[in-house]
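J.: Give me a 3D structure for the following:
(chains A and B)
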Amino acid sequence: MQKFQPLHLAFSLLGGLVLLFIIAPLLGLVLATPLADLLETTADKEVQDSIVLTLSVSFFATLFFAVAAIPFSYMLARNSFPFKKLVSGIIDIPIVIPHSAAGIAILGFVARDSALGNLASKIGLSFVGHPLGIGLAMAFVSIPFLINAARDGFEQVPVRLEKAAMNLGASPLRVFFTISLPLAWRSVITGLIMMFARGMSEFGAVIIVAYHPIITPVLIYERFGAFGLKYARPVAVVFILVCLLFFVLLRWLADSSKKE
Amino acid sequence: MLKLSNISKSYRDFHLKNIELDIGSGEYFVLLGASGAGKSIILELIAGLILPDDGHIILDEKDITYEKIQKRQTGLVFQDHAVFPHLNVRENIAYPLKNQGIKKEKIRQTVEGLAEEMSITALLDRKPETLSGGEKQRVALARTLALNPKFLLLDEPFASLDVQLKSELRTLLRSINKKGIGIIHVTHDYEEAISLADRVAVLHQGEIVQSGSPDEVFKNPKNRFVANFVGVRNFFSATLLEPNHEEERTAKINESVSFKLLSGQQAGQGFVFLRSKNIILSEGPTATSACNMFQGRILEIIKDIKGYELVVDIGIPLRVVITQRSMERFDVQTGKEVWVSFKASALRFLKR
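T.: Just a heads-up that it's a prediction; the model follows:
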């Protein structure tokens, strides 16, 4: 036992440094912001609207894309098909490309003069400078998290159980909803939370597609650019607290539903 | 009636070749084979979980070779039971009954009836993770029976059960079979087969090497593998000599050992086999009607469930089985000189 103590200590120290690296700037931020400023910012309508916008767009974008992404993840887990490795690679692209570049790509895709933009404007919709565009950008950068988590979850479900269900007369659809999905639920929920969290904190892709209506990450940037660090801090703190609150809440919900 | 006609399948390391099986409705059919010989594959082919490369599967005159899994009317109970972990026992058993337009009340009745039959009524509200292997197996059985299958496909159902549970399961399976549900039971244990089967088939290296009633197969194994499988412990290469004026024939095993047996076969190379239970042990030469009598030294004593197996060196190692009582009576020890005897009619000769 004596032998392991120094190593344990060394690893703890290193771990501590990493944690400090994350906590220190945030703690510094909170401590540098006067309470009065925080309260004033919380009451600021522009800030409130921005936060509500950010959370709700990410939320609905996650749900909307989940409808297609979850079955797709299931297919990735179960089926083998040509170019599967390529497909898996493509799914990870949004994570590795610069977000501003992603934004440019999306803008070109949904601008008024593009095929999609044209179609949308015919039914009175617009993507650019609109929550729809924001949702699209958020989903683009965050969907890999959902797909990968859900796929891992489905891979953990024993195929044998699905086969048993089919032998008992269940159609493939029923097997998916009564066996595969319930057993992979925890991973799927985690994936949804990650997608939501990643989406709502997106900046680079969103700012190119839609500066207005203004989501909070963009608001923070705007206030910093226009008025400086001191003025940007309160919004940053408020939004960070909101993000953390949601994150913890959703994780707790996921954990408690698992325990049932 | 279930018929497998010329079924072939190459699957990972297994190659099933030209499997022909004919199983009557309500029959108890046992498929015997060494562990990992591909017996489970045959069950999965019948259930439709995998498709054959060649051949046909016919159920009651209907070709179901490419029929959907859901429509095959066969219930498969996997070796690891595959009970759904996120549903309780009640929900597991009810699973095949849902989505069929059956009234809730009827489902409840059916589930409770099946639970009663399987003696698991007390477990209905439990979750699978709290159940023992034997209990999970009963849940899996109840669940499969809820389907009302024509055939029950069982993959090594006695594996990992203790003696008491095995006995209970045997009784249970017999009662299920008596109701008219055909059972196809796959195992590597020939004793299970003898006690339950109407008919038996032996699978070796991807082919059915012998099939018939348990009696036929066990009394007349077609080759060394089958003999080994069905528990013949004394199996030796021998040369059957030309008949002479005597009634008995001689099978020469080596320079010092020859057996006398009854056989109508032509002289030549082959195998002679003898069941341990047909060998009588004595302390000295005894006058009996057995024309094979040898003196030998006990080389090894091995305890097994039924008593003791002795390896006696009579010029070849002969395996003899005796009871505990006999052990004590004869004061059996390694190194002791004993006499063994067996009748000519107890031996069988298999031509090579």
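J.: who are the neighbours of the helix or strand containing A:Ala254, in terms of helices and strands?
T.: Applying DSSP states H and E as the criterion places A:Ala254 in helix A:229-259. Applying 3 or more Cβ pairs under 8 Å, 6 or more residues apart in numbering or on different chains; DSSP states H and E, we find helix A:229-259 packed against helix A:4-32, helix A:35-43, helix A:45-78, helix A:181-200, helix A:216-227. For the C-beta atoms, the positions are set from N, CA and C on the backbone; glycine is no exception.
J.: So what touches the helix or strand following the third one?
T.: Helices and strands here follow DSSP H and E; after helix A:45-78, the next one along the chain is helix A:84-96. In this structure, residues lying in contact with helix A:84-96 by Cβ atoms under 8 Å, 6 or more residues apart in numbering or on different chains are A:76, A:81, A:102, A:140-144, A:147-148.
J.: In strands, which of these fall?
T.: Applying DSSP state E to these, no entry is found in strands.
J.: if you compare the helices and strands packed on helix A:229-259, which one is most tucked away?
T.: Across those, averaging neighbours per residue (mean count of other Cβ atoms under 10 Å in any protein chain shown) puts helix A:181-200 on top, at a mean of 22.
J.: Dump that one to PDB, keeping only the CA atoms.
T.: Below are the C-alpha coordinates for helix A:181-200, written out as PDB (Å, rounded to 0.1, in the frame of the first residue of the first chain):
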ATOM      1  CA  LEU A 181     -35.600   2.100 -26.800                       C
ATOM      2  CA  PRO A 182     -36.600   1.500 -23.100                       C
ATOM      3  CA  LEU A 183     -33.400  -0.400 -22.500                       C
ATOM      4  CA  ALA A 184     -31.300   2.200 -24.200                       C
ATOM      5  CA  TRP A 185     -33.200   5.000 -22.600                       C
ATOM      6  CA  ARG A 186     -30.500   6.300 -20.300                       C
ATOM      7  CA  SER A 187     -28.000   6.800 -23.100                       C
ATOM      8  CA  VAL A 188     -30.600   8.400 -25.300                       C
ATOM      9  CA  ILE A 189     -31.600  10.900 -22.500                       C
ATOM     10  CA  THR A 190     -28.000  11.700 -21.900                       C
ATOM     11  CA  GLY A 191     -27.600  12.300 -25.600                       C
ATOM     12  CA  LEU A 192     -30.600  14.500 -25.700                       C
ATOM     13  CA  ILE A 193     -29.300  16.600 -22.700                       C
ATOM     14  CA  MET A 194     -25.900  16.900 -24.400                       C
ATOM     15  CA  MET A 195     -27.400  18.000 -27.600                       C
ATOM     16  CA  PHE A 196     -29.600  20.500 -25.800                       C
ATOM     17  CA  ALA A 197     -26.700  21.800 -23.700                       C
ATOM     18  CA  ARG A 198     -24.300  22.100 -26.700                       C
ATOM     19  CA  GLY A 199     -26.900  23.700 -28.800                       C
ATOM     20  CA  MET A 200     -27.800  26.400 -26.300                       C
END
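J.: That helix vs helix A:216-227, what angle?
T.: Angle of helix A:181-200 versus helix A:216-227, following axes from the mean of the first three to the mean of the last three Cα atoms, to 10 degrees, is 10 degrees.
J.: List, one by one, the residues from the stretch 151-260 of chain A near chain B.
T.: Counting by Cβ under 8 Å from any Cβ of the partner chain, the residues of the stretch 151-260 of chain A close to chain B are A:158, A:160-161, A:163-171, A:174, A:178-179, A:182-183.
J.: hang on, B:Ser263 packs against B:Arg249?
T.: Yes - counting by Cβ atoms under 8 Å, B:Ser263 does reach B:Arg249; the two are 5.0 Å apart.
J.: low-confidence ranges in chain B?
T.: Residues of chain B that meet the criterion pLDDT under 70 lie in B:36-37, B:352.
J.: re the thing from before, now for B:Ser263 and B:Arg249: what residues contact both?
T.: By Cβ under 8 Å, 6+ apart, B:Ser263 and B:Arg249 have these common neighbours: B:240, B:349.
J.: Around chain A, pick out the residues from the stretch 101-250 of chain B.
T.: Residues of the stretch 101-250 of chain B lying near chain A (Cβ under 8 Å from any Cβ): B:143-144, B:146-147.
J.: which one of these has the most neighbours?
T.: B:Arg143 (30 neighbours; other Cβ atoms under 10 Å in any protein chain shown).
J.: Tell me how far that residue lies from B:Lys98.
T.: Counting by Cβ to Cβ, to the nearest Å, the gap from B:Arg143 to B:Lys98 is 12 Å.
J.: and the longest helix for chain B?
T.: Taking DSSP state H as the criterion, chain B has its longest helix at helix B:163-178.
J.: any idea which helix or strand comes after that helix?
T.: strand B:182-187.
J.: The helix or strand that that next one is followed by: how far from the chain's middle?
T.: Going down the chain from strand B:182-187, the next helix or strand is helix B:190-196, by DSSP H and E. Helix B:190-196 sits 5 Å away from the centroid of its parent chain (Cα atoms, centre = their mean, to the nearest Å).
J.: residues in contact with helix B:190-196?
T.: By Cβ under 8 Å, 6+ apart, helix B:190-196 touches B:28, B:30, B:32, B:158, B:170, B:173-174, B:177, B:185, B:187, B:200, B:214, B:218, B:229-231.
J.: residues in contact with residue 127?
T.: Because you didn't say which chain, this covers chain A. A:110-111, A:116-117, A:120, A:133, A:136, A:209.
J.: wait, chain B
T.: B:85, B:88-89.
J.: by how many degrees do the helix holding A:Ala254 and helix A:181-200 diverge?
T.: Using the same axes, to 10 degrees: helix A:229-259 against helix A:181-200 is 180 degrees.
J.: Tell me the buried residues in helix A:229-259?
T.: By neighbour count on 16 or more other Cβ atoms under 10 Å in any protein chain shown, the buried set for helix A:229-259 is A:232-240, A:242-243, A:246, A:250, A:254.
J.: Pick the one among those closest to chain B.
T.: A:Ala254 (15.5 Å; Cβ to the nearest Cβ).
J.: ok, for the closest one, nearest residue in space, not its chain neighbours?
T.: Closest residue in space to A:Ala254, ignoring its immediate chain neighbours: A:Ile189 at 4.4 Å, by Cβ to Cβ, 6 or more residues apart in numbering or on different chains.
J.: ok, so what distance separates the one you found from A:Phe72?
T.: According to Cβ to Cβ, A:Ile189 stands 17 Å off from A:Phe72.
J.: for B:Gly212, same thing?
T.: Taking Cβ to Cβ, one finds B:Gly212 at 53 Å from A:Phe72.
J.: With adjacent residues omitted, what lies nearest to A:Ala102?
T.: Nearest one to A:Ala102, counting by Cβ to Cβ, 6+ apart, is A:Ala205 at 4.5 Å.
J.: What residue spans form the domains of chain B?
T.: Following automatic domain parsing, one gets these domains for chain B: B:2-229, B:234-351.
J.: In contact with the residue of the stretch 1-150 of chain A found nearest chain B: list those residues for me.
T.: Closest residue of the stretch 1-150 of chain A to chain B, Cβ to the nearest Cβ: A:Arg78 (14.0 Å). Applying Cβ under 8 Å, 6+ apart, we find A:Arg78 in contact with A:154, A:159.
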